[in-house]
Structure formats: C-alpha cells, structure tokens
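Trainee: Need coordinates for the following:
(one chain, ligands or ions: 1)
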Amino acid sequence: MRIVFIGPPGAGKGTQAERIIAKYHPAHLSTGDMLRAARDAKTEIGLKAETFMSAGQLVPDDVIIGIIAERLQAPDCQGGYLLDGFPRTIAQAEALDKMLAEKKTPLDVVLELRVPDDELYRRLAGRGRADDKPEVIRERLVAYYNQTSPLLDYYGKKGLVKVIEGLGTVDDIFQRIETVLDNYR
Ligand code: AMP
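Mentor: Predicted structure coming up:
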C-alpha cells in the first residue's frame with residue numbers, strides 16, 4: 001500500500017499513523033520526524049531546517065524532495081509506505097508523482113484527516129512541543145491552508161482522496177481509516 005496522509009497540525013495524524021503502521025506495516029516516512037532527527041544530530045540539513053521549523057514555516061522544497069527521493073529507494077519502502085507530512089506543497093506533489101511514475105508505482109490513496117480549526121488550537125495548545133507556541137501554531141496553520149490544502153484539490157482530481165472525519169476517540173477515527181484501507185490490502 002502506498003498512502004499519503006494529509007491533515008493540519010494537531011489533527012492527530014501522528015497517533016493515527018502509528019495505528020496504521022501497527023496494523024498494515026507500511027514503512028513510516030515522516031518528514032517531520034526526519035527533520036527533527038537531523039536537527040538534533042546537528043547535520044547541515046538539520047541546522048538549515050531548524051530556522052524554518054522554529055518559525056512554523058515549511059522547509060524549502062528542494063531539501064525535502066532530496067530527502068524523500070533517497071528514502072524511497074530503501075528496501076523497506078518497496079512493500080509500501082505511509083507518507084506522513086509529505087508532500088506539503090504542489091511542487092513536492094509533482095516531484096513525487098514524477099518519481100513514482102518512473103518507478104511505475106502509483107499512489108493507492110490519499111487520506112485527509114479533517115478537524116475544525118477551533119479544535120486544532122485546543123489540541124495544539126496542550127501539546128508542549130517547541131514549535132507549539134501560539135504564534136508558531138498560527139504560522140503552521142497558515143502554511144497548511146495556503147500551501148498544503150491545495151493538495152486536496154490536486155489529488156482530488158486524480159480521484160485519490162478519502163476524507164476521514166477527525167473528531168471522536170482515537171479508536172473511532174482509526175475505525176474510519178480501517179474502513180478505507182481494508183480495500184487496498
Ligand atoms: P510535522 O511534524 O510534519 O508537523 O513537521 C514539523 C515541521 O517540519 C513543519 O512545521 C515544517 O517546518 C517541517 N516539515 C515537515 N515536513 C515538511 C515538508 N514536507 N515540507 C516542508 N517542511 C516540512
């Protein structure tokens with residue numbers, strides 16, 4: 001299964017991603033996790049990324065596309081993967097399409113985890129990550145609506161998007177995801 005997982009910051013994507021990995025065993029490709037690891041290891045990419053991350057802005061496309069292009073070559077990705085936090089812009093989606101077309105391995109499905117704004121603020125305020133300060137949260141939501149949400153239209157036109165209602169318990173939400181993903185096993 002090749003899955004793209006899209007949702008605003010605070011939607012619960014990380015929690016549901018873990019559940020998806022545990023049940024369906026795709027490789028987990030979280031660009032946020034990769035960037036945080038690079039930042040903590042103080043690599044050149046990590047230090048460059050940090051200036052954008054701490055401001056709630058997206059890291060430049062060329063940096064992210066390079067990371068993903070390399071990661072997709074790894075053996076564990078050949079049986080399928082969950083892209084979590086990538087693509088975040090149309091340019092990233094187009095670059096991904098090109099890579100997958102070359103390998104003749106198209107995406108199966110794009111999951112959109114949908115949560116209303118007021119609920120996102122409530123959840124993000126309680127999370128306590130360094131980039132969860134109110135002004136940074138606002139920036140990250142702005143980045144989501146301006147740069148990432150256009151992807152829903154982009155993938156919608158390809159007939160790939162399944163909307164998952166992101167309100168309710170973790171179990172409720174995961175059940176909605178299972179209803180979709182069980183069709184692709
Ligand atoms: P996340 O954990 O997915 O919310 O990512 C945390 C931060 O990493 C984001 O706010 C961005 O600064 C950066 N980031 C993660 N994935 C991407 C991406 N695909 N494109 C650009 N920036 C990204």
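Trainee: for the chain, longest helix please?
Mentor: helix 90-103 (DSSP state H).
Trainee: C-alpha coordinates for whichever strand or helix holds residue 82, CSV please?
Mentor: Taking DSSP states H and E as the criterion, residue 82 maps to strand 81-84. Only the C-alpha atoms of strand 81-84 are listed here, as CSV (Å, rounded to 0.1, in the frame of the first residue of the first chain):
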residue,chain,number,x,y,z
TYR,A,81,4.8,3.2,2.8
LEU,A,82,2.9,5.8,4.6
LEU,A,83,3.9,9.3,3.7
ASP,A,84,3.3,11.4,6.8
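Trainee: Counting neighbours, which bits of the longest helix of the chain end up buried?
Mentor: Buried residues in helix 90-103, counted by 16 or more other Cβ atoms under 10 Å: 92, 93, 95, 96, 97. (Each C-beta comes from the backbone N, C-alpha and C, glycine too.)
Trainee: Which residues of this protein lie near the ligand?
Mentor: Residues of the chain found near the ligand (Cβ under 6 Å from any ligand atom) are 9, 31-32, 35, 52-53, 56-59, 64, 85-86, 88, 92, 140.
Trainee: Confidence-wise, which helix or strand of the chain is lowest on average?
Mentor: Least confident element among the helices and strands of the chain, by mean pLDDT, DSSP states H and E: helix 117-125 (a mean of 84).
Trainee: Now do the strands in this protein.
Mentor: For the chain, the strands defined by DSSP state E occupy 2-6, 27-30, 81-84, 109-114, 161-165.
Trainee: mean confidence score for the third one?
Mentor: It stands for strand 81-84. Mean per-residue pLDDT for strand 81-84: 98.
Trainee: The residue of the chain found nearest the ligand: what's its closest spatial neighbour, skipping adjacent residues?
Mentor: Closest to the ligand within the chain is residue 32: 2.1 Å, counting by Cβ to the nearest ligand atom. Once flanking residues are discounted, residue 32 sits nearest to residue 85: 4.6 Å by Cβ to Cβ, 6 or more residues apart in numbering.
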